[in-house]
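> Based on what follows, work out the 3D shape:
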Amino acid sequence: EYGVSLVAEKRRHPGDDVISHLCDVDDLADVEIAVLAVSLLFAGYETTVAQIWLQTVQLLSDPSKWLMLLDDASLIPKATEELMRASMVCGVGIPRYARDAIDIGGVTIADGDLVLLDPGSANNDPAFFTDPDVVDFTRTGPQPLSFGYGGRYCLGAPLARMELNSVFSQMIPRFPDMRLAVDVTDLSINTDALGS
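Predicted coordinates for the structure are as follows:
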């Protein structure tokens, strides 16, 4: 309902924004634009909020990392990438289907077989990331798969990066002495929101 009323408002008063541009697409109905707008809102909000929470907890769990970013804000973009890489643990995987028969490590995956891709496992693979259990804001090498790869690369990755970098470049200098009020083991998070 909110999305439909927003679309109606954008049709009356268009601006330079996604919803106004979607209103210019001839074959999209208002309800379709509203569904797309709400999907963008939740895809671009919930996961980023979860990452801000998780990365803040990671930084505050090791105050030397917080202080490192306080001393050198230019490390923040690398830090957000590294914290995402390190926080992605092995999970149940992302379902995909093979388009062709593939041989990997002596195992044949047939055309049409279900394959579970695990970016957390890939992001912690010692063949690609030296000392993967160590959070290193100066790490070089391959780009982590936190946002996917290729045709399945996250459409919102640039926005998520901008939001994370903006939050930490403002929060760390504003609250240089921030500390956890409870032990990190007393904290919990809804892990359903940590998808990419």
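> Low-confidence ranges, this structure, go.
90-92, 189-196 (pLDDT under 70).
> Helices of that one, residue ranges please.
Secondary structure of the chain (DSSP state H): helices at 2-12, 18-23, 30-61, 63-71, 76-87, 119-123, 157-174.
> got those helices as CSV, with distance to residue 186 and mean neighbour count columns?
In this view, the C-beta of every residue, glycine as well, is placed from N, C-alpha and C. Compiled in CSV, the helices of the chain are given as follows (distance: least, C-beta to C-beta, whole Å; neighbours: other C-beta atoms under 10 Å):
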stretch, distance to residue 186, mean neighbour count
helix 2-12, 36, 15
helix 18-23, 39, 16
helix 30-61, 11, 16
helix 63-71, 17, 16
helix 76-87, 18, 21
helix 119-123, 24, 20
helix 157-174, 21, 15
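> So which of those helices is nearest residue 101?
Residue 101 lies closest, by C-beta to C-beta, to one member of the helices of the chain: helix 119-123, at 22.0 Å.
> still on that earlier bit, pipe the helices of the chain into a markdown table and attach distance to residue 108 per row.
As requested, the helices of the chain are exported to a markdown table (distance: least, C-beta to C-beta, whole Å):
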| stretch | distance to residue 108 |
| --- | --- |
| helix 2-12 | 46 |
| helix 18-23 | 43 |
| helix 30-61 | 35 |
| helix 63-71 | 44 |
| helix 76-87 | 30 |
| helix 119-123 | 21 |
| helix 157-174 | 33 |
